[in-house]
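Visitor: Need a 3D model of the sequence below.
(2 chains)
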Number of protein chains: 2
Amino acid sequence: MPPPNPTRHSALLTDLYELTMAAAYFENQFNPAASFELFVRTLPPERGYLLAAGLEQALDYLETLAFTDAEVDFLRRHPVFSHVGDAFFDYLRRLRFTGEVWAVPEGTVVFADEPLLRVRAPIMEAQVVETFLLTSLTFQTLVATKAARVVEAAAGRGVVEFGTRRAHGPEAGVLAARAAYLGGCIGTSNVEAGQRFGLPTYGTVAHSFVMAYADEEESFRRFLRVFPENAILLVDTYDTLAAVDRIVASGLRPKGVRLDSGNLVELSKEVRRRLDRGGLPDTQIFASGDLNEYAIAEMLAQGAALDAFGVGTELATSKDAPALGAVYKLVAVHGGPESGSRVKLSEDKATYPGPKQVFRFRGTGGRYDHDLVARADEAWPEAEPLLTCVLRDGRRLAPSPSLSVNRERAKESLEKLPAPYRAFRQPATYPVRFSHALEELQEEAARKVFQPAGRRPNDAG
Amino acid sequence: MPPPNPTRHSALLTDLYELTMAAAYFENQFNPAASFELFVRTLPPERGYLLAAGLEQALDYLETLAFTDAEVDFLRRHPVFSHVGDAFFDYLRRLRFTGEVWAVPEGTVVFADEPLLRVRAPIMEAQVVETFLLTSLTFQTLVATKAARVVEAAAGRGVVEFGTRRAHGPEAGVLAARAAYLGGCIGTSNVEAGQRFGLPTYGTVAHSFVMAYADEEESFRRFLRVFPENAILLVDTYDTLAAVDRIVASGLRPKGVRLDSGNLVELSKEVRRRLDRGGLPDTQIFASGDLNEYAIAEMLAQGAALDAFGVGTELATSKDAPALGAVYKLVAVHGGPESGSRVKLSEDKATYPGPKQVFRFRGTGGRYDHDLVARADEAWPEAEPLLTCVLRDGRRLAPSPSLSVNRERAKESLEKLPAPYRAFRQPATYPVRFSHALEELQEEAARKVFQPAGRRPNDAG
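Guide: This is a model prediction of the structure:
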């Protein structure tokens, strides 16, 4: 059996319209370089920031993008392409991503309207990769952001990501584990994510193990025999306090106990008392069961005696904000008769034209003060540009930073973000401004759109 | 480059605790057959039913489950297993799923508390597969259910699934496309899903194509040249009505136009008028842009002149209900000193013991009247048992039905479900009852839990 190759994705993993547009460009012999930008229109509810994530998987995809013969043959037979000649399919067979990518590093705090990624490539290539780039960046960004919130709520206590069973399929579970670690979780229960990304993996024990033996205490004893140092016993299968009393009375010394139901504030206090009184002051209390940042903050505010948290569903699905309104928009065509910046004017969905850079201005103590979205060729030496060139001629410019480095960047970036923007409910809106030069470019581009066809200077031929 | 093998998943795609429990069972020489059931505790908000989906991927996984040497070596080095001997890892190297699976066929309407799947296997095998089974069944069930609602709202008009870019990673997009088709969508934009599952694929054109040319009409003309029969032109990039006027005036004859922003009710009526007046009565109007069942039903109620819908984010993430509270619970241990039915008594999370069957009773016109959850060995000849045996000795008993067959089953099953249970808001609660024999078994099993250890009849040795 061949080992799985999870980083190789089918080139068909795109929307059909990316390929029909590519065919239309090809047949019209139109393939100028173009710039596209990926950004989020509005932050999800209750989010004051996003933590950028998923770039690594996007770059893996761009570096390995190639259609197999079988994939091209599949397209060749699709009825939508019945008027498209063989030459286009030969082009697909040779297609590689040869462009340039600028991106905000993983683990950077970002906001609405800020490009997370900018692609400059022949327009056919830049178009075909849209779908994959969006799904890679948006999902991990959602989960990393959720993780950062949950970890902040836990106030120094460890948070383990537990959500694969509720994730949107097995691969989503693996990616969620990665993003959650990036966002500050100490690890995951997902073993595949552990192997693939080098994440610390954790596990306790399930109700089924307790139930497999007719007697609860026997199940505890058997588990501890095999895991004398690591066992975290699940105590809520029948009666939480009775189970804890049994552990104490029988002299078992688990590393921890896990509470998964009931009133965790009251139970944890009482369990702590009984463990301490029973000579088990070092036995930790681990909580799980539909937890999120709101529940954790509330429980700790009420004095819950909890040492660590397992968070599943809410993290792996970013349940209260399960989708990110990210888009990938053409901002410029470079060279040829159609050269120029581009804007879209659709109602409520207008865009800023031209390749852009995000400049971050800091205040006292290095804390983030405001951002400026500007034309890519502007210079703001007193600010930090967030987008850097990571891929050129279709290849990474340097090996990617490790996930640990990105996780450390996330920690620092979050620390520099003032608290009002990190509030769990109704956070303050971080100031994102647009440069004068960018505003001017937008007015100019919008004016051009409304010039009747035929009067454009370059359209004479 | 090897072709991707998306149906082969790493055996590490599980939670670590499944493997620590397996190790504990192994070291305790405890591996009786056990029965586990997968069910949903409560329906998500606004859902009156679920449409079962994802079984095929679950069965693929069970039939191919095997640890590679590299995967076993990875586990061997994990510090949590430091007290576990080599014999367990040799066991993992040989591990295959050898059990039996009963399941509700894909495309069947199901409700809370009804087992969707029952596994009977040596307890170690049954435990290790928990995580994958849950993530496979819950995600596709969520999306198939959402699709069924959206399709019902569209009242006979076609719905195409468009959501990969907002799905939880690329693989989630492929699975969402499959589930959406099962739920009644006419196809997807995801080309990989088209190839892998034989789904019809559709595409229109993006704003970028319109913007790539400095002149909108030129972009329309160029696209139509290549796709004379299939082109659905996107008309909202700058000004929807002006774009439609331009199409009419220039004699273009697209198959359809797509509206993606603005007031779709008013715009669609006016676009319809202008197309009809311009001699394009056959040109369809396609709507997209953050649509869901609520928006579609509302627009149609207001007389929107829309012929088909593209639904993305809401479908691919089941956005208003992005997670399903499904669990996989031990219900019986078969044979050995620990033999017997099992219940869990955790607060708000108690379970019914023993292997179960779901019996569906029909009323007039074959419409669903109520369900009865009963012991698997009960006979209710006037009702239809929902769970059938699909896998024995780790192998499918028969080739799986095609996705088209399952899709047809979904259509029929939904038609038999009375309308009040299909309401989009505050649906009626379908009656799910529990048999007398099952209630008796639960009382008995709960009593046994509370017998002090040592007094159980089989525990003397």
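Visitor: So what does A:E439 look like in phi/psi?
Guide: phi -60, psi -40 (degrees, to the nearest 10).
Visitor: For it, give me the pLDDT.
Guide: On the pLDDT scale, A:E439 is placed at 93.
Visitor: helix/strand/coil for A:P401?
Guide: Following DSSP: H, G, I helix; E, B strand; the rest coil, the label given to A:P401 is coil.
Visitor: wait, it sits on A:L59?
Guide: No - contact between A:P401 and A:L59 fails when scored by C-beta atoms under 8 Å: they sit 11.6 Å apart. Glycine gets a C-beta too; all of them are placed from N, C-alpha and C.
Visitor: higher neighbour count, these two?
Guide: A:L59 (21 against 15; other C-beta atoms under 10 Å in any protein chain shown).
Visitor: tell me which element the residue in the stretch 151-300 of chain A that chain B sits nearest to falls in.
Guide: Proximity of the stretch 151-300 of chain A to chain B (C-beta to the nearest C-beta) peaks at A:G203, 3.2 Å away. Here A:G203 sits in a region with no helix or strand, counting by DSSP states H and E.
Visitor: With A:C185 instead?
Guide: With DSSP H and E as criterion, A:C185 is part of no helix or strand.
Visitor: Now do the contacts for A:Y49.
Guide: By C-beta atoms under 8 Å, 6 or more residues apart in numbering or on different chains, the contact list for A:Y49 reads A:43, A:109-111, A:145, A:417, A:421-422, A:427, A:430.
Visitor: between those residues, which is closest to B:Y294?
Guide: Nearest to B:Y294, judged by C-beta to C-beta, of the contacts of A:Y49 is A:L43 at 22.8 Å.
Visitor: what ranges of chain A fall below the confidence cut-off?
Guide: Across chain A, the ranges flagged by pLDDT under 70 are A:1-7, A:450-461.
Visitor: Who are the packing partners of the helix or strand encompassing A:A177?
Guide: Using DSSP H and E, A:A177 sits in helix A:170-182. Counting contacts by 3 or more C-beta pairs under 8 Å, 6 or more residues apart in numbering or on different chains; DSSP states H and E, helix A:170-182 packs against helix A:130-154, strand A:158-161, strand A:187-188, helix A:191-197, helix A:313-316, helix A:403-416, helix B:130-154, helix B:170-182.
Visitor: With respect to burial, which of those scores highest?
Guide: Mean neighbour count, computed with mean count of other C-beta atoms under 10 Å in any protein chain shown, is highest for helix B:170-182 among the helices and strands packed on helix A:170-182, reaching a mean of 30.
Visitor: Return the residues in contact with A:S208.
Guide: B:21, B:34, B:36, B:127, B:130, B:329-330.
Visitor: The same query, at a cut-off of 7 Å, please.
Guide: Neighbouring residues of A:S208 by C-beta atoms under 7 Å, 6 or more residues apart in numbering or on different chains: B:127, B:329-330.
Visitor: Now do A:E270 against A:P281, distance only.
Guide: 15 Å (C-beta to C-beta, to the nearest Å).
Visitor: Pick out whichever of the two has more residues nearby.
Guide: Taking other C-beta under 10 Å, A:E270 and A:P281 do not tie; A:E270 has more neighbours (15 against 9).
Visitor: host element of that one?
Guide: Using DSSP H and E, A:E270 sits in helix A:264-277.
Visitor: The helix or strand just after that helix packs against which elements?
Guide: Moving toward the C-terminus from helix A:264-277, the next helix or strand (DSSP H and E) is strand A:284-287. Helices and strands touching strand A:284-287, by 3 or more C-beta pairs under 7 Å, 6 or more residues apart in numbering or on different chains; DSSP states H and E, are strand A:256-259, helix A:264-277, strand A:308-311.
Visitor: can I assume A:T351 is in contact with A:L330?
Guide: No - A:T351 is beyond contact range of A:L330, at 8.6 Å (criterion: C-beta atoms under 7 Å).
Visitor: A:S261 is in contact with A:S288, correct?
Guide: No - between A:S288 and A:S261 there is no contact under C-beta under 7 Å: 9.2 Å.
Visitor: Could you chop chain A up by domain?
Guide: Structural domains assigned to chain A are A:16-128+A:326-459, A:147-316, following automatic domain parsing.
Visitor: distance between the ends of the last one?
Guide: Domain A:147-316 stretches 9 Å from its first residue to its last (C-alpha to C-alpha, to the nearest Å).
Visitor: For A:T131, give me its contacts.
Guide: A:14-15, A:18, B:164-165.
Visitor: Tabulate those residues (JSON lines), appending secondary structure and distance to A:R409.
Guide: Below are the contacts of A:T131 laid out as JSON lines (DSSP: H, G, I helix; E, B strand; the rest coil; distance: C-beta to C-beta, whole Å):
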{"residue": "A:T14", "secondary structure": "coil", "distance to A:R409": "30"}
{"residue": "A:D15", "secondary structure": "strand", "distance to A:R409": "32"}
{"residue": "A:E18", "secondary structure": "helix", "distance to A:R409": "32"}
{"residue": "B:T164", "secondary structure": "helix", "distance to A:R409": "29"}
{"residue": "B:R165", "secondary structure": "helix", "distance to A:R409": "26"}
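Visitor: what helices or strands is the helix holding A:E270 leaning on?
Guide: In terms of contacts (3+ C-beta pairs under 7 Å, 6+ apart), helix A:264-277 is packed against helix A:240-249, strand A:256-259, strand A:284-287.
Visitor: before we move on, back to that, as TSV, the contacts of A:Y49 with secondary structure and distance to A:E440 would be great.
Guide: Output for these, formatted as TSV (three-state DSSP; distance: C-beta to C-beta, whole Å):
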residue	secondary structure	distance to A:E440
A:L43	coil	27
A:V109	strand	28
A:V110	strand	24
A:F111	coil	22
A:T145	helix	33
A:L417	coil	30
A:Y421	helix	29
A:R422	helix	34
A:P427	coil	31
A:Y430	coil	24
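Visitor: Looking at the residues you listed, spot the one nearest B:A70.
Guide: Nearest to B:A70, judged by C-beta to C-beta, of the contacts of A:Y49 is A:T145 at 33.0 Å.
Visitor: Contacts only, for that closest one.
Guide: Counting by C-beta under 7 Å, 6+ apart, A:T145 touches A:47, A:50-51, A:183.
Visitor: Next: A:M21.
Guide: A:127, B:205-206, B:209.
Visitor: Wait, a helix at it?
Guide: Yes - with three-state DSSP as the criterion, A:M21 is located in a helix.
Visitor: Pull the most distant pair out of the contacts of A:M21.
Guide: Distance extremes for those: the farthest pair is A:Q127 and B:V205 at 10.6 Å, using C-beta to C-beta.
Visitor: which strand residues sit across from A:I232 in the sheet?
Guide: Beta-bridge pairing of A:I232 under DSSP bridges involves A:G256.
Visitor: Quick check: the gap between it and A:L259.
Guide: A:I232 is 11 Å from A:L259, by C-beta to C-beta.
Visitor: same check, this time on A:E338
Guide: 63 Å.
Visitor: related to what we said a few turns ago, compare A:Q127 and B:V205 and say which one has the larger neighbour count.
Guide: A:Q127 (27 against 21).
Visitor: Is it correct that that one falls within a strand?
Guide: No - under three-state DSSP, A:Q127 sits outside any strand and is assigned helix.
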